[in-house]
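Colleague: what follows is a predicted structure for the sequence shown.
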Amino acid sequence: MSSAATSQRQHADHTTPLVRNAWYVAALSHEIERNLLPRTLLETRVVFFRKKDGSISALHDRCPHRSFPLSKSQLQDDTIVCGYHGITYDGTGRCLHVPSAPNAGGNIKIRNFPVVERAPLVWIWMGDAEQADVALIPDFSFLSAPTWKTVSGSFHMHTNYVAMHENLLDQTHFTFLHAGSVGTPEWATSPLDVSQNGDTVSLRRELKKSLPPGIYAVPMKLEGRMVDRLSEASFFGPAGHLALAKITVSEPVADEREEFRVNILHVFTPETQNTLHYWWFNSRDFGLDDEDASKFLYEASHAAYVEDVDALSWISDIVTTESEDYREFSFRSDRPGLMMRQILSRLAVEEQAPVTAVAAE
């Protein structure tokens, strides 16, 4: 095997099977109401609805009789009545009634998926349900905490989730792709510290006495001021990334606020191998009632993420259509992404490995 092929095997890419045994964001809380919401997740059609008690059901969006999409059916109380032959299923997927065969259906069951709502996020486990440990769901309680103000948005992306993960772990592109928002000339060469703890990859960058990027300078009212800039970011698993940006005024004046914090959360779930559902959240601990700051941060963040969406779409067009006979070069600054790709590759291989039966003694 060539060195290029060996590297591809060890580092996940757009051909690596999607990791299913993980909690992914399925939707935002407000999206799931008293109606049928279809969504494709990890190449599987799922239909969601909120029951009368407020809990959420997630079922395979496919009637086992003749494959009619249940999302094109009717929600009656807490049941789905298939729009093709009227077969009724409850919120667990159990068949309750078959009009054309009243005594049949007792052994029919649609697959249901474990779902946990931690507003504003709804999490789903698409893999082996027996491994769906709710303790593995990350804590993002700051999204609803009164001490933080959040702006957010979403995109449907044409890219593979490996490329999206690598993009978020690569802060050297800020200076060039996001020159008008989060990038400054010095940031690409700022010192990089990288660490790995289990299946988590973390990075840290720090830049002393530099001008802040516009996305922070304007809402923090620090234009033209020198600041110390700290960024800590982590790949917390197949579902996304969390970053902290801390801006400290280098030479504060009396009674001036010295420190500003922003949490940046990116969560995304593969729709298919090369499409994504992506949600972003920008939460700050300053100017909580400043609507101008919220408007600016939303518009600046959205503009920066559009640049990522476009760039990754262009890259995806190339890697999915050109020959695989291609040598990829990497640099020291790519270490976080390469570590992440090794993790996703290993997790995918572990899921694909056949289960070996244990012989009785």
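Modeller: Thanks, I have the structure now. Numbering: from 1, shown residues only.

Colleague: how close does S330 get to S345?
Modeller: Using Cβ to Cβ, to the nearest Å, S330 is found at 15 Å from S345. Where you see a C-beta, it was placed from the backbone N, CA and C, and this is true even at glycine.

Colleague: quick one, which of those two is more surrounded?
Modeller: S345 (20 against 11; other Cβ atoms under 10 Å).

Colleague: if I pick that one, what's in contact with it?
Modeller: R9, Q10, H11, A12, T16 (Cβ atoms under 8 Å, 6 or more residues apart in numbering).

Colleague: quick one, strands of the stretch 151-300 of the chain?
Modeller: 192-197, 200-210, 227-237, 240-249, 259-272, 275-284 (DSSP state E, counting those that start in this stretch).

Colleague: hang on, the earlier thing: got CSV for the contacts of S345, with distance to R50 and secondary structure too?
Modeller: As requested, the contacts of S345 are arranged in CSV below (distance: Cβ to Cβ, whole Å; DSSP: H, G, I helix; E, B strand; the rest coil):
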residue, distance to R50, secondary structure
R9, 43, helix
Q10, 43, helix
H11, 40, coil
A12, 35, coil
T16, 34, coil
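
Colleague: hmm, which two among these are most spread apart?
Modeller: Q10 and T16 (10.5 Å; Cβ to Cβ).

Colleague: any stretches of the stretch 51-200 of the chain with poor pLDDT?
Modeller: Scanning the stretch 51-200 of the chain with the threshold set as pLDDT under 70 gives 179-185, 187-188.

Colleague: do that again at 90, thanks
Modeller: Within the stretch 51-200 of the chain, the stretches with pLDDT under 90 are 102-107, 170-192.

Colleague: ok, now which ones touch G91?
Modeller: F49, K51, S55, S57, L59, D78, T79, N112 are the contacts of G91 under Cβ under 8 Å, 6+ apart.

Colleague: hang on, the earlier thing: quick one: closest of the strands of the stretch 151-300 of the chain to V98.
Modeller: V98 sits nearest to strand 259-272 of all the strands of the stretch 151-300 of the chain, at 32.0 Å, using Cβ to Cβ.

Colleague: sorry, back to before: from the contacts of S345, which is closest to P336?
Modeller: Using Cβ to Cβ, the contacts of S345 come closest to P336 at H11, 12.5 Å.

Colleague: grab the nearest non-local neighbour of that closest one.
Modeller: Spatial nearest neighbour of H11, excluding adjacent residues (Cβ to Cβ, 6 or more residues apart in numbering): R341 at 3.9 Å.

Colleague: assign a three-state SS to the one you found, would you?
Modeller: helix (DSSP: H, G, I helix; E, B strand; the rest coil).

Colleague: what's the answer for the one 10 residues further on, then?
Modeller: The three-state assignment at E351 reads helix, by three-state DSSP.

Colleague: burial of it, as a residue count?
Modeller: E351 has 15 nearby residues by other Cβ under 10 Å.

Colleague: OK, contacts around the closest residue to G237 other than its chain neighbours?
Modeller: The shortest distance from G237 to any non-neighbouring residue, by Cβ to Cβ, 6+ apart, is to A22 (5.6 Å). By Cβ under 8 Å, 6+ apart, the contact list for A22 reads W125, G127, L136, G237, P238, A239, L347.

Colleague: now do the contacts for K295.
Modeller: K295 sits in contact with no residue, where contact means Cβ under 8 Å, 6+ apart.

Colleague: who touches the residue nearest to H11 in this structure?
Modeller: By Cβ under 8 Å, 6+ apart, the neighbours of R341 are H11, A12, D13, V162, H165, E166.

Colleague: just the residues you listed now: which is nearest S67?
Modeller: Taking the contacts of R341 together and measuring to S67 by Cβ to Cβ, the closest member is V162, at 30.7 Å.

Colleague: how close does the closest one sit to H277?
Modeller: Counting by Cβ to Cβ, the gap from V162 to H277 is 16 Å.

Colleague: between the two, which one's more packed in?
Modeller: Shown here are V162 and H277; by other Cβ under 10 Å, V162 has more neighbours (24 against 20).

Colleague: the longest helix in this structure is where?
Modeller: helix 291-319 (DSSP state H).

Colleague: buried residues in stretch 153-173, which are they?
Modeller: 154-155, 157-173 (16 or more other Cβ atoms under 10 Å).

Colleague: do stretch 103-119 as well
Modeller: G105, I108, K109, I110, N112, F113, P114, V115, E117, R118.

Colleague: who touches the fourth one in this structure?
Modeller: I110 makes contact with L59, H60, R62, C63, P64, L70, Y89, G93, C95, according to Cβ under 8 Å, 6+ apart.
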